[in-house]
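Visitor: what shape does this take:
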Amino acid sequence: MNAPAFDSRRHWPAWLVLAVAMLALDQGVKWVVASTLPLGDRVAVTAWFNLVHVLNPGAAFSFLADAGGWQRHFLSGFGIVVSLALAWLLRRGVVGRLETAAHIGLIGGALGNVVDRLRIGAVVDYLDLHWRGMHWPAFNVADIFVVGSAALLILASFRPRSALRRRPSRAGS
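Guide: Alright, predicted model coming up:
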């Protein structure tokens, strides 16, 4: 007997709980950073990694950071709309495990940064990678969730179509 095809509908409330747990982890780490490291401070951890406490009013890589304030509401709204759309897709049924994991990570990461934007008007970043005077823009756990989830979606797109099982019709469920 074949195992039933994977279908995100079977456990979609659990997927949302997992996304909320990712949001909570992100917010918890940001709270620890904000409560223990003064804004603008830096702690060298290795020769190529620092913990910092910076605020980013823009999007990834400080894109739109100097846009004058409208970006706070735009990026918050965008993050909420995308998260709701992804949650709806999980409820409707995502066939692959990679795609489901990507949707969960995107929801948790996007909402982690939305909470910051709504609460303080900027995103708390604290991970600083550098090498020989070159610094990658500071980032946070929510950013890792978003970038990692995007990578999962890209990886899933290379899977052959025959590897994907058809989603069962609603009439048969």
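
Visitor: what about the strands in this structure?
Guide: Secondary structure of the chain, counting by DSSP state E: strands at 42-44, 49-56, 123-131, 134-135.

Visitor: sheet partners, orientation included, of the last one?
Guide: In the sheet containing strand 134-135, its partner strands are strand 123-131 (antiparallel), by DSSP bridges.

Visitor: compute the mean per-residue pLDDT across the strand it pairs with, please.
Guide: Average pLDDT, strand 123-131: 95.

Visitor: so who does Met112 touch?
Guide: In this structure residue 112 is Gly, not Met. 22-23, 26-27, 30, 140-142, 145 (Cβ atoms under 8 Å, 6 or more residues apart in numbering). Placement of C-beta: from N, CA and C, glycine included.

Visitor: now the buried members of these.
Guide: Among these, those that count as buried by neighbour count (16 or more other Cβ atoms under 10 Å) are 22-23, 26-27, 30, 140-142, 145.

Visitor: for Ile107, find the nearest of the strands of the chain.
Guide: Closest approach to Ile107 among the strands of the chain (Cβ to Cβ): strand 123-131, 16.4 Å.
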